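Enquirer: following is a predicted model, sequence given first.
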Amino acid sequence: MDITLSTSKVASCTLTINATALSWLGCTHEELIGKRRALEFLTPEGQAPFHQNFGRPKAQGRVEGLVFDLVRVRGTSRRGSVTATVINNAGDLFEMSRTVKLQITDLNQKREAVRQLTAEQSSRVLAQDPRDSAGPCLPDPLHGQE
């Protein structure tokens, strides 16, 4: 699982970023630092939750488990789970945020595959005539049925 680290002023440009995050986004350090905002890499669907949760780290000191699709420079996307922590200055005023992103694209695809298989199996069971079930009925010792 890939982990990225970055810091930024919440509504402004990225200040620091690690090599993993740069590879996620498909940017160089020079193209990103001080020039681009995290919001620019979110899908339109991801921008609304970003704005809805924008103030939470400032008010609560931390926000966890937000899931966004990040769009790379080449147009491909990755799903990430985001945790952000507030860093205040000496006057206890907001200075910047520290963000950790976990790449969960593969996990999300596997969860979706399990959901689809479960739905297919449920449909088959519901469509099956109980008189067609294979094998004898076994006693249920927990409910007194023999």
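Expert: Structure received.

Enquirer: CA only for contacts and neighbour counts going forward, please
Expert: Noted.

Enquirer: what mean pLDDT does stretch 21-29 have?
Expert: Computed over stretch 21-29, the mean pLDDT rounds to 87.

Enquirer: pull that stretch out as PDB, backbone CA atoms only.
Expert: Written as PDB, here are the backbone C-alpha positions of stretch 21-29 (Å, rounded to 0.1, in the frame of the first residue of the first chain):
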ATOM      1  CA  ALA A  21       3.100  11.400  -3.800                       C
ATOM      2  CA  LEU A  22       4.900  12.900  -6.800                       C
ATOM      3  CA  SER A  23       4.800   9.600  -8.600                       C
ATOM      4  CA  TRP A  24       1.000   9.300  -7.800                       C
ATOM      5  CA  LEU A  25       0.400  12.600  -9.400                       C
ATOM      6  CA  GLY A  26       2.800  12.300 -12.200                       C
ATOM      7  CA  CYS A  27       4.500  15.600 -11.400                       C
ATOM      8  CA  THR A  28       8.000  16.700 -10.600                       C
ATOM      9  CA  HIS A  29       8.900  18.600  -7.500                       C
END
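
Enquirer: element containing Leu126?
Expert: Leu126 belongs to helix 105-127 when assigned by DSSP states H and E.

Enquirer: I meant to write Leu70 there.
Expert: Leu70 belongs to strand 62-71, assigned by DSSP H and E.

Enquirer: what's the angle from that strand to helix 105-127?
Expert: Comparing the axes of strand 62-71 and helix 105-127 via axes from the mean of the first three to the mean of the last three C-alpha atoms, to 10 degrees yields an angle of 90 degrees.

Enquirer: who are the packing partners of strand 62-71?
Expert: Counting contacts by 3 or more C-alpha pairs under 8 Å, 6 or more residues apart in numbering; DSSP states H and E, strand 62-71 is packed against helix 56-60, strand 77-88.
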